[in-house]
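Student: need a 3D model of the following:
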Amino acid sequence: MRVLDSMAFVVWTGICLVGASAVEAAQPEIVGPRVEPTAFRAAVDRAIEFLRVKAQAPDGSFSGSVGPGPTAIIVTALLRHDVGVDDPLVAKGLKYLEGLRRQDGGIYQPGALYANYETCLAIMCFSAANKDGRYTKLLKEAEAFVKGQQWGTGQPAERADFNYGGAGYGKHKRPDLSNTQFFIEALRSLGNGPEDEAIQKALVFVSRCQNFESEHNTTGFAAKNPDGGFYYTPASGGVSMADKTPEGGLRSYGSMTYAGLKSMIHAGVGPDDPRVKAAFDWIRKHYTVEANPGMGNAGLYYYYHTFAKALDAMKLDVVEDARGVKHAWRQELAAEILRRQRPDGSWINDNPRWLEGDPSLVTGYALLTLAYCRPGNAPR
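Tutor: Have a look, this model is predicted:
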């Protein structure tokens with residue numbers, strides 16, 4: 001494990017003020033669940049078999065009645081687990097998604113209110129499938145489409161507007177952190193770095209979703225709940241899926257805090273930045289793989305994949321929580337997910353909020369998460 005990388009980050013953030021050699025000497029053995037590579041591979045294989053035999057429709061879609069989003073998530077996860085682009089399971093999914101290309105460059109269902117969201121997920125999927133360049137033209141057109149949907153570009157907004165830089169969906173395209181994190185991730189999958197203008201605009205919005213006052217965030221919400229975590233959106237009067245504090249602040253919660261932290265890292269915000277320090281402090285105080293902090297089991301599998309992506313982006317293998325307990329998060333998360341797998345290879349959330357009662361979508365989330373947790377010597 002990259003313990004030294006982990007501790008370097010800790011040192012940079014001011015959590016620990018001793019040198020790396022002293023950290024190594026003082027560091028107790030990390031204990032916790034362990035997942036054997038063979039068990040990991042067997043769980044992945046069962047999930048893939050579920051998707052192959054029970055989940056894919058004849059047109060190549062997964063849960064197509066709710067749009068192409070689940071298909072894009074699932075096919076991306078399959079590609080991350082080395083199911084090839086020419087495997088029928090993946091090829092049929094890609095063909096279905098390609099059939100939803102629109103003249104404006106977007107990839108979405110006709111009349112969809114979620115065109116930006118669906119196109120961003122499709123971009124990540126086709127980027128993962130584009131090793132031979134077969135989807136380069138499609139991706140360029142899709143990139144232009146989603147950039148045109150951003151507030152402050154295609155959607156008019158001045159920098160002082162709380163919509164500025166965000167990406168959203170719905171009739172009024174109100175921006176939110178969930179959509180904006182997918183927007184940033186989609187642009188990153190295309191090779192856009194922190195210098196990209198759209199990513200820097202998005203960072204303005206992301207910073208305003210944090211309960212942390214700074215020159216980057218003068219919304220007024222953070223002062224009412226200054227805990228360093230993130231909520232859903234400062235737009236439209238401010239919304240948190242975890243509701244409000246008694247003081248009228250917007251409660252932070254797990255999935256959005258990991259999404260916000262990941263987005264800042266992808267936008268080039270460094271580990272010594274106060275925004276990153278505050279977010280990581282929140283994570284240390286609320287570290288868990290058993291629930292979505294602040295939301296219980298609502299959106300649990302969505303939480304898992306933002307959790308994994310954010311800590312991977314931080315290049316951390318070990319997280320020391322606020323009690324001083326060190327967590328090998330990849331192993332802990334993999335063990336928890338494998339524990340929850342059903343006999344048929346799928347996963348499902350007992351709480352159906354945000355479509356997590358759908359075993360196809362949830363299995364996609366689980367596989368996507370596990371792609372960041374593969375044991376070092378697990379067979380691929």
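Student: just give me the neighbour total for residue 127.
Tutor: 22 (other Cβ atoms under 10 Å). No exception for glycine: its C-beta is placed from N, CA and C like everyone else's.
Student: need the contact list for it.
Tutor: Listed by Cβ atoms under 8 Å, 6 or more residues apart in numbering, the contact partners of residue 127 are 135, 139, 186, 189-190.
Student: ditto for residue 50
Tutor: 344-346, 359, 363.
Student: what sits closest to it if chain neighbours are left out?
Tutor: Excluding the flanking residues, the one nearest residue 50 by Cβ to Cβ, 6 or more residues apart in numbering is residue 345, at 3.6 Å.
Student: the one you found against residue 52, yeah?
Tutor: No: using Cβ atoms under 8 Å, residue 345 is not in contact with residue 52; the gap is 9.6 Å.
Student: ranking the contacts of residue 127 by neighbours, who comes first?
Tutor: In terms of neighbour count, residue 186 stands highest of these at 27 neighbours, by other Cβ under 10 Å.
Student: need the next SSE after whichever strand or helix holds that residue, C-terminal direction.
Tutor: Using DSSP states H and E, the element containing residue 186 is helix 177-189. Using DSSP H and E, the helix or strand that follows helix 177-189 in sequence is helix 197-208.
Student: can you give me the mean pLDDT across that next one?
Tutor: Throughout helix 197-208, pLDDT has a mean value of 98.
Student: list the buried residues in that helix.
Tutor: Of the residues in helix 197-208, 198-199, 201-208 count as buried by neighbour count, 16 or more other Cβ atoms under 10 Å.
Student: then the first helix or strand past that helix going along the chain to CSV, C-alphas only?
Tutor: As assigned by DSSP H and E, the chain's next helix or strand after helix 197-208 is helix 254-266. Extracted in CSV, the C-alpha atoms of helix 254-266 (Å, rounded to 0.1, in the frame of the first residue of the first chain):
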residue,chain,number,x,y,z
GLY,A,254,-21.2,11.9,2.5
SER,A,255,-21.8,11.4,-1.2
MET,A,256,-21.7,15.1,-2.0
THR,A,257,-18.6,15.7,0.2
TYR,A,258,-16.6,13.1,-1.7
ALA,A,259,-18.0,14.4,-5.0
GLY,A,260,-16.9,17.9,-4.1
LEU,A,261,-13.5,16.9,-2.9
LYS,A,262,-12.9,14.8,-6.1
SER,A,263,-14.0,17.7,-8.3
MET,A,264,-11.7,20.1,-6.6
ILE,A,265,-8.7,17.8,-7.1
HIS,A,266,-9.6,17.3,-10.7
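Student: quick one: helix 254-266 to helix 177-189, angle?
Tutor: 30 degrees (axes from the mean of the first three to the mean of the last three Cα atoms, to 10 degrees).
Student: who does the helix or strand following helix 254-266 touch, helix- and strand-wise?
Tutor: Per DSSP H and E, helix 254-266 leads on to helix 274-285 as the next helix or strand towards the C-terminus. For helix 274-285, the packing partners by 3 or more Cβ pairs under 8 Å, 6 or more residues apart in numbering; DSSP states H and E come out as helix 254-266, strand 318-320.
Student: if we use 6 Å, what do you get?
Tutor: Under the contact definition 3 or more Cβ pairs under 6 Å, 6 or more residues apart in numbering; DSSP states H and E, helix 274-285 sits against helix 254-266.
Student: buried set for the helix it packs on?
Tutor: Buried, per 16+ other Cβ under 10 Å, within helix 254-266: 254-266.
Student: can you check stretch 165-181 too?
Tutor: Using 16+ other Cβ under 10 Å as the test for burial, stretch 165-181 gives 165-169, 173-181.
Student: quick one: least confident of those?
Tutor: Least confident by pLDDT among those: that is residue 173, with 84.
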